[in-house]
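J.: sequence and computational prediction follow.
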Amino acid sequence: MNIFKFLIPLLLFFSSCSFKKEDTHPENKEPENNRAAILKTYENIYSGTVDEVRASLAPLTKQEINDVNLDGSSLLDAAIARGNPHILSLLLESGASPFSSNSKDHAKAYLRIHKLNSDMSDTLGNWVYLQWLRIFEKRDVQKIRAELESNQITCVDMLNLYSWYSVLSKWWSESTETVIEIAKNDQCLKNLSVAQVSLILTNELVGLLRGSQTSTDFLAFLSKSPNFPNALVRLKIEAGLMTIKPHSLVRIASSLESYKDNLDPQKIADLMSFFKEDKNVPINLHTEINKTLVKSIYSFNSQEEKEVVTSALNLINLGKSEGCFAHCNLMSNPEAHEGL
């Protein structure tokens, strides 16, 4: 059931309260007419037309559009819940940021792309990509840093998005140095959890296996993260998810005919150098429904292993041709990785 159906009455009931707890000081309270305009916008997003939403957004500032309500959600969350791509586009064009942090219970909007239908995911995904291109076309570190901050894109977000576009083959290699410089100066590698490192590693590694990049510079930089040695690769397969150690994935992929053209001996050696060698090749398979471990394979170079890895990499290739936002694992929420 859509929570926004009940949100408007709740907000009206607390109309004497501000949208943020820290805004209770009289000097920080929103004018009554702005509060009414915000409430009207929520109502229109939930049940109104695109023109009605556009009209109610007109008097709002960018800050007001990105403010959160009593349950920690925003106007953009309301648009996502509505499921109308035209309203979603309107919110984004009006300044709603998919990178803003709402509350601990609400993941950033761009991290929820995988949960949206194809129209909504394409709308949000394409907007994020175009903004990303616009920012990095500046090719100036200070200007890029200012743009990232203005768009509420944190250093961790930047690394995440960089790795996504590595898989999509939509990244110019000369920007790698800029990304590394910003991330190094912000010291954001120290803030990456094992799950975040695993997600970024998975995307970057698959991009390298597919030949979308000629340099391993970013992977070398990522390897300096304290949690890099514990990172695992998680790939989507038809049965659910596959978890595998990165060294094992490189060894198996380099033995597949469809990937040999992308991996010259030196590149394979470079990739292998980042990871501790495995005594065996464990592959954990998880069901899509409850992520329960259903199978483990341990004998290296078996035909069964190759079939599993091929299936996972083929889904990545499918995403490249038909829109990775709908088909790939890229947008999956980082989860705890089982030890192998």
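T.: Now that the structure is in, tell me what you want to look at. Since the structure is predicted, the reported quantities are computational estimates derived from the model, not experimental observations.

J.: residue contacts, residue 202?
T.: 163, 233-235, 329 (CB atoms under 8 Å, 6 or more residues apart in numbering). (Glycine included, C-beta is placed from N, CA and C.)

J.: where is pLDDT lowest across those?
T.: pLDDT across the contacts of residue 202 is lowest for residue 329, at 43.

J.: before we move on, the earlier item: pick the one among the contacts of residue 202 closest to residue 112.
T.: residue 329 (14.4 Å; CB to CB).

J.: kindly state the pLDDT recorded for the residue nearest the centre of the chain?
T.: Centroid-nearest residue in the chain: residue 111, 4.2 Å away (criterion: CA atoms, centre = their mean). Looking at residue 111, its pLDDT is 83.

J.: taking the contacts of residue 202 one by one, which sit in strands?
T.: Counting by DSSP state E, the contacts of residue 202 place 233-235 in strands.

J.: ok, residue 224 touching residue 188?
T.: No: applying CB atoms under 8 Å as the test, residue 224 and residue 188 come out as separate, 11.4 Å apart.

J.: so for these two, which sits in the more crowded spot?
T.: Neighbour count, other CB atoms under 10 Å: between residue 224 and residue 188, residue 188 has more, with 18 against 10.

J.: once you drop chain neighbours, what's closest to that one?
T.: Distances taken as CB to CB, 6 or more residues apart in numbering put residue 155 closest to residue 188, at 3.5 Å, once the chain neighbours are dropped.

J.: what about residue 175, neighbour count?
T.: 15.

J.: does it touch residue 136 like I think?
T.: Yes: assessed by CB under 8 Å, residue 175 is found in contact with residue 136 at 5.4 Å.

J.: list the contacts for the residue nearest to residue 188?
T.: By CB under 8 Å, 6+ apart, the contact set of residue 155 is 148, 182-183, 186, 188, 191.

J.: redo that, cut-off 10 Å
T.: 145, 148, 179, 182-189, 191-192 (CB atoms under 10 Å, 6 or more residues apart in numbering).

J.: hmm, back to that, give the residues shared as contacts by residue 175 and residue 136.
T.: With CB under 10 Å, 6+ apart as the test, residue 175 and residue 136 both reach 144, 162, 165.
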